[in-house]
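[1] Dropping the sequence and predicted coords here.
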Amino acid sequence: MNTVSTFEANEAKNKFSELIAAAGVGEPQLITKNGVGTAVLISYDDYRRLTARSKPLTEFLLESPLKGSDIDLDRSQADGGRTTLDFGAEAE
């Protein structure tokens, strides 16, 4: 991973197209400020891969290793599955 310091901002501006090209072929570009990483320039394909959901939540839950275990995950239908809060109760 190439590192670019914000101290070298003018140099980075001059080489911005090179940084984009390197990120585009899978070489992330680390941008630092005072030696601390602050941003990373990555390819759009990498960004999409990192932010994409691999499967819907329902499918994930159906494939859960807890499926078929003795854990009771059912909600009570009597109260709509929601906890009832009593705001009139005195605090202890």
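    That came through fine.

[2] what's the pLDDT at the residue of the chain positioned farthest from its centre?
    Distance from the C-alpha centroid of the chain, by CA atoms, centre = their mean, peaks at Glu90 (40.6 Å). Per-residue pLDDT puts Glu90 at 70.

[3] got it, and Gly80?
    62.

[4] what's the answer for Ser17, then?
    At Ser17, the pLDDT recorded in the model is 89.

[5] what about it, how many neighbours?
    Other residues lying near Ser17 total 8 when counted by other CB atoms under 10 Å. C-betas here are computed from N, CA, C, even on glycine.

[6] same thing with Gln29?
    Neighbours around Gln29, by other CB under 10 Å: 20.

[7] go on, the one 4 residues further on?
    Neighbours of Lys33 under the rule other CB under 10 Å: 12.

[8] Quick one: the helices in the protein, in order.
    Ranges of helices within the chain are 9-14, 16-24, 44-51, 57-62, based on DSSP state H.

[9] Which of the residues in the longest one are classified as buried?
    For helix 16-24, the neighbour count (16 or more other CB atoms under 10 Å) marks Leu19, Ala22, Ala23 as buried.

[10] And that helix, what does it pack against?
    Packed against helix 16-24 by the contact rule (3 or more CB pairs under 8 Å, 6 or more residues apart in numbering; DSSP states H and E) you find strand 2-5, strand 29-33, strand 36-41.

[11] now with 7 Å?
    strand 29-33 (3 or more CB pairs under 7 Å, 6 or more residues apart in numbering; DSSP states H and E).

[12] Quick check: which helices or strands does the strand it packs on pack against?
    strand 2-5, helix 16-24, strand 36-41.

[13] who does that strand pair up with?
    Paired strands of strand 29-33, with direction, are strand 2-5 (parallel), strand 36-41 (antiparallel) (DSSP bridges).

[14] where does this structure dip in pLDDT?
    4-9, 72-83, 89, 91-92 (pLDDT under 70).

[15] how about 90 then?
    Counting by pLDDT under 90, the ranges of the chain that qualify are 1-17, 19, 31-39, 51-92.
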